[in-house]
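Engineer: Prediction below, plus the sequence it came from.
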Amino acid sequence: MGGAHSRDELLDSSDSEYEESENENEASYEDANEGSSEGRVKTPSSIDDVDAKLKALKLKYSSKNPNPNPNNVKLYLHNSAESKWVIYEKLTTYSFVKSCSVEGESDEDEEDEDGEKGFWVLKVGSKIRSKVGAEMQLKTLVDQRRVDFIAKGVWAMRFFTEQHYEAFLVRYQNCTFENTYGFEAIDENKLKVYGKDFIGWANPEAADDSMWEDADDSFSKSPASATPVRASQDLTEEFEEAANGGIQSLALGALENSFLVGENGIQVVKNFAHGIHGKGAFVNFGGGSASASKMVQSTPKKTLLMKAETSMLLMSPLNESKLRSTGLHQFDIETGKVVTEWKFGKDGTEITMRDITNDSKSSQLDPSGSTFLGLDDNRLCRWDMRDRHGIVQDLAGSNSNMSTPVLNWDQGHQFSRGTNFQCFATTGDGSVVVGSLDGKIRLYSINSMRQAKTAFPGLGSPVTHVDVTFDGKWIVGTTDTYLVVICTLFTDKDGNSKTGFAGRMGNRIAAPRLLKLNPLDSHLAGVNNKFHSAQFSWVTENGRQERHIVATVGKFSVIWNFQQVKDGSHECYRSQQGLKSCYCYKIVLRDDSIVESRFMHDKFAVTDSPEAPLVIATPMKVSSFSLSNRR
């Protein structure tokens, strides 16, 4: 089974005014059974073909001044039923207006482009009104003077001159900035939002991208690199396993077993070179102890393997509306029992945690490991399961609600102001990256959780999940509508190459790159479906390099070739304005919404595959795929 891939869809006309029959190159959407050996298919300029035929018919073209209005465009709509583009209006106009409403047909609440009310809305003809922003998923195709976007359907606008096209993009970017940050898009305000060291994020064309290219060079020269990436790679399904109840989370092991955490308990599966397979033991949450039975009331949403994967921490939210937890359960894998319920406490007071993670990328393999990291809105800390007095009975208070053991606050900081932390991850050496509600991404060294060494500005969308490579050189942050990839490398004053975890990066900071779905795929994924849990492939050895990024959105598992993302000469980046966006990916389509997609540990890669298997979990099934050489 192969993965559906991204491509620029063909634009064909079926305009009823024209009797002439055209050769239609329909772009049917490929499902997981119709894989391609290429990650992307080049787009024929079919709009140009249509225009040439229309001009040959001499229909309504004036030789004097065909397009006097710079806002004139040709509008296309994607017909999902027939999987092709059709001309919606041969000639219409667009405008940017400020409005207090997107839905209203009346312009009574609107002002012109110099007005101060509301937010910026893009209007095209009488049909389209859309708030300007990331949700439009606007994609530029410079060679066709065309933009594709979502507005209750998938649309394309074709501009008549290059100047009109470029003027639209400038106006669109300025309106997006103002809608996002609440400031007019002038240099002074961009400096206020991004800071002087990150001004390249506001003006990517002037940013220093040498670090991206230097990283590519070092990768290609690395003697420890894995099998080179081949153009003929494809996804082949190896195993599919039914689950014992609705899967809520996936805990991949690097040793013999992995674990499916469901509504009723934990299912053990075996790790193989081609994926996870085989129904092992099943531990029911309702049996064994009173502590275990409590988990039935709230299914664990977060799991953490520890102690050479013989122990698992399970953290359940307080309820469906509150993602935080006041404690967790420790599950002994060898006995199949919940052995302890722990509370989060500090200075005698019960506190909450939003997220937990391992001390480092490989610490779950440490047989003596007893500490882990915790995160809440304004807290970043390390917890220790060992009691200072040798027994686990250090209670925070005498009341009955605090009668369970309390974890020791080993290290950390409680910030006084609203940092709004949302997610975090660790590098191979234990440095910490934290994503926030305001979109900022902060880097903390292994030696201090009090002050970030580097704080990358937000791009306007909350960061809901972060991951980092083993060497700390690359970060991927997840937002609802795109992924942001950041290079942390910089050269210090002595000419040494470092990461932002080790010191202040100064002003030689590369602009980030964005990973996006093209508008058609985004629309097919579902309006209400959002990106979640983007991960690098799993490496826990110095010198090894992560080769792919995987994220989920609705029923799609989306895979990017990381080397392709880093390649500045890559086809996607040609003539782009603004931050570089990569649209080259593979899609695996499932029958149900995907809970999680993750690559297995690098040790499970086999000789005919450049990557360890990809595991995809839905509520009722778990599937394994190999990135193999397609014959």
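Structural biologist: Sure thing, it's come through. Numbers count the residues shown, from 1 in each chain.
Engineer: Show me the contact partners of the biggest helix by length in the chain.
Structural biologist: The helix that spans the most residues within the chain, counting by DSSP state H, is helix 162-181. The list of residues contacting helix 162-181 from outside it, by C-beta atoms under 8 Å, 6 or more residues apart in numbering, reads 67, 70-72, 94, 96, 119-120, 122, 131-134, 138, 140, 142, 145-147, 157, 159, 183-185, 189-190, 193, 459-460, 577-578. The way it works is simple: take the backbone N, C-alpha and C, and place the C-beta from them, glycine included.
Engineer: Write the ChimeraX selection for whichever of those are buried.
Structural biologist: This is how ChimeraX selects the buried members of these, with burial counted by 16 or more other C-beta atoms under 10 Å:
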select :71,72,94,96,119,120,122,131,132,133,134,138,140,145,146,147,157,159,185,189,190,193,459,460,578
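Engineer: Give me the buried positions along the longest helix of the chain.
Structural biologist: 164-165, 168-169, 171-181.
Engineer: Over to stretch 250-267?
Structural biologist: Within stretch 250-267, the residues scored as buried using 16+ other C-beta under 10 Å are 250-254, 257-267.
Engineer: Let's see it as CSV, backbone CA atoms only.
Structural biologist: Coordinates of the C-alpha atoms in stretch 250-267 are reproduced here as CSV (Å, rounded to 0.1, in the frame of the first residue of the first chain):
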residue,chain,number,x,y,z
LEU,A,250,0.5,4.8,21.6
ALA,A,251,3.7,4.1,23.6
LEU,A,252,6.4,2.8,21.2
GLY,A,253,9.3,0.9,22.7
ALA,A,254,12.8,0.6,21.5
LEU,A,255,13.2,-2.9,22.9
GLU,A,256,10.9,-5.9,22.5
ASN,A,257,7.4,-4.4,23.1
SER,A,258,5.2,-1.5,22.3
PHE,A,259,1.9,-0.6,24.1
LEU,A,260,-1.6,0.5,23.0
VAL,A,261,-3.3,2.4,25.8
GLY,A,262,-7.1,2.2,25.4
GLU,A,263,-10.3,3.0,27.2
ASN,A,264,-10.2,-0.3,29.2
GLY,A,265,-6.5,-1.1,29.6
ILE,A,266,-3.1,-1.7,28.0
GLN,A,267,-2.5,-4.1,25.1
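Engineer: And what about the nearest residue to Ala202 once chain neighbours are set aside, helix, strand or coil?
Structural biologist: Closest residue in space to Ala202, ignoring its immediate chain neighbours: Lys190 at 4.0 Å, by C-beta to C-beta, 6 or more residues apart in numbering. In three-state terms, and counting by DSSP: H, G, I helix; E, B strand; the rest coil, Lys190 is helix.
Engineer: Please, where are all the strands along the stretch 251-400 of the chain?
Structural biologist: In the stretch 251-400 of the chain, the segments counted as strands under DSSP state E, counting those that start in this stretch are 257-262, 265-272, 275-277, 282-284, 302-306, 311-315, 327-332, 337-343, 345-346, 349-350, 355-357, 371-376, 379-384.
Engineer: could I get those as TSV with mean pLDDT?
Structural biologist: Supplementary listing: these in TSV, determined by pLDDT from 0 to 100:
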stretch	mean pLDDT
strand 257-262	91
strand 265-272	90
strand 275-277	90
strand 282-284	79
strand 302-306	93
strand 311-315	92
strand 327-332	89
strand 337-343	86
strand 345-346	88
strand 349-350	88
strand 355-357	94
strand 371-376	93
strand 379-384	91
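Engineer: which one of these lies closest to Ser557?
Structural biologist: Evaluated over the strands of the stretch 251-400 of the chain, closeness to Ser557 peaks at strand 275-277, with 13.7 Å, by C-beta to C-beta.
Engineer: Can you give the contact residues for the closest one?
Structural biologist: Counting by C-beta under 8 Å, 6+ apart, the neighbours of strand 275-277 from elsewhere in the structure are 238-239, 241, 252, 258, 269-270, 600, 613, 615, 622-626.
Engineer: filter these to the buried ones?
Structural biologist: Of the members of those, the ones counted as buried by neighbours, 16+ other C-beta under 10 Å, are 238-239, 241, 252, 258, 269, 600, 613, 615, 622-626.
Engineer: Narrow these to those in strands?
Structural biologist: In strands, defined here by DSSP state E, the members of the buried ones among the contacts of strand 275-277 are Glu238, Phe239, Glu241, Ser258, Val269, Val615, Val622, Ser623, Ser624, Phe625, Ser626.
Engineer: Might you report the residue contacts of the fifth one?
Structural biologist: Contact partners of Val269, counting by C-beta under 8 Å, 6+ apart, are Glu241, Asn257, Ser258, Phe259, Leu260, Ile276, His277, Gly278, Lys279, Gly280, Val622.
Engineer: out of the contacts of strand 275-277, who's nearest Asn378?
Structural biologist: Nearest member of the contacts of strand 275-277 to Asn378, counting by C-beta to C-beta, is Leu252, at 30.4 Å.
Engineer: next one: stretch 170-189 to chain centre, how far?
Structural biologist: Stretch 170-189 has its average C-alpha position 24 Å from the chain's average C-alpha position, going by C-alpha atoms, centre = their mean, to the nearest Å.
Engineer: could you give the mean pLDDT of that stretch?
Structural biologist: Confidence for stretch 170-189, expressed as mean pLDDT, is 93.
Engineer: what does stretch 570-590 give?
Structural biologist: Averaging pLDDT residue by residue across stretch 570-590 gives 88.
Engineer: Show me which residues of that stretch are buried.
Structural biologist: Neighbour-count burial for stretch 570-590, with 16+ other C-beta under 10 Å as criterion, is recorded at 570, 572, 576, 578-590.
Engineer: If anything else comes up later, I'll come back, but that's it for now.
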